[in-house]
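*Asks:* fold the following.
(2 chains)
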Number of protein chains: 2
Amino acid sequence: MIRGAAWLLAGAGLATSSLAADVAAGRQKAAACAVCHGPLGLATAPDAPNLAGQPALYLVAQLRAFRGGARQNEVMTLMAKPLTDADIDNLAAWFSSLVIEVKPPP
Amino acid sequence: MIRGAAWLLAGAGLATSSLAADVAAGRQKAAACAVCHGPLGLATAPDAPNLAGQPALYLVAQLRAFRGGARQNEVMTLMAKPLTDADIDNLAAWFSSLVIEVKPPP
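*Replies:* Sure thing, here's the model as predicted:
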């Protein structure tokens, strides 16, 4: 499956569920996420996930789950509470727009 | 922060919480995860997250939460149920050992 490809890519192509979303607005809003998730979505806290290149659909579902309480986390419950649906779509559009690559292991 | 660096890396360095874990055993066990999360931890299902390069600590916490019921997901609740603590540590060691890079946006 990976023959001839040095790296596998994820990211930009997966943002299709947030076509109406505003990547630039999401990037601006994401400043608040950087403390734990890094300026480009690579986690700086060891218990926080990388967000760069995550599927938009997944990010939207998780942010809504944190906001609504179905998924619980001390920090994320607080962070997600004030987000509007548009904020969530924009944040998901921003993080999913970041292209990541994984290096195949030996 | 990213001056002079074309890519930011995450992955191998973050696996320190699973130093005792068995990456090879985790890789073997991860065959069951590939349907949704891809053979190298890049999601193939639009509602599943990429796992490549995620911090081991985060992966262990989430798998335990799925197994114990604190985090709910139709598929993951079933997948996590039979996992032992060692299985979880090994899976986390495998996925966190994968090196990912994120391409800085324009």
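
*Asks:* surely residue A:47 is in a strand?
*Replies:* No - Residue A:47: not assigned to a strand; according to DSSP: H, G, I helix; E, B strand; the rest coil it is coil.

*Asks:* grab the nearest non-local neighbour of it.
*Replies:* residue B:57 (5.0 Å; CB to CB, 6 or more residues apart in numbering or on different chains). Every residue, glycine included, has its C-beta placed from N, CA and C.

*Asks:* ok, and the closest non-adjacent residue to residue A:44?
*Replies:* Closest to residue A:44 by CB to CB, 6+ apart is residue A:38, at 4.9 Å.

*Asks:* equivalent analysis for residue A:53, please.
*Replies:* residue A:100 (3.4 Å).

*Asks:* repeat for residue A:22
*Replies:* residue A:90 (4.8 Å).

*Asks:* just the pLDDT at residue A:14, thanks.
*Replies:* Here, the pLDDT recorded for residue A:14 equals 42.

*Asks:* again with the one 4 residues further on
*Replies:* pLDDT for residue A:18: 46.

*Asks:* what's the answer for residue A:104, then?
*Replies:* 88.

*Asks:* give me the phi and psi for it.
*Replies:* Main-chain torsions, residue A:104, degrees, to the nearest 10: phi -60, psi 140.

*Asks:* next: residue A:101.
*Replies:* phi -130, psi 150.

*Asks:* so which helix or strand of chain A has the lowest pLDDT on average?
*Replies:* strand A:8-10 (a mean of 64; mean pLDDT, DSSP states H and E).

*Asks:* who's the residue nearest to residue A:53 bridged to?
*Replies:* Beta-bridge pairing of residue A:100 under DSSP bridges involves residue A:10, residue B:102.

*Asks:* from residue B:60, how far out is the spatially closest residue to residue A:72 that is not a sequence neighbour?
*Replies:* Nearest non-adjacent residue to residue A:72, counting by CB to CB, 6+ apart: residue B:70, 7.1 Å away. Noted for residue B:70: a distance of 13 Å to residue B:60, by CB to CB, to the nearest Å.

*Asks:* check residue A:53 too.
*Replies:* Applying CB to CB to residue A:53 and residue B:60 gives a distance of 22 Å.

*Asks:* comparing these two, which residue is more hemmed in?
*Replies:* residue A:53 (33 against 21; other CB atoms under 10 Å in any protein chain shown).

*Asks:* thinking again about what came up before, pretty sure the residue nearest to residue A:47 is in a strand, no?
*Replies:* No - remark: residue B:57 does not belong to a strand; assigned using three-state DSSP, it is helix.

*Asks:* and it, how many neighbours?
*Replies:* Residue B:57: 20 neighbours (other CB under 10 Å).

*Asks:* that one and residue A:28: what is the separation?
*Replies:* 29 Å.
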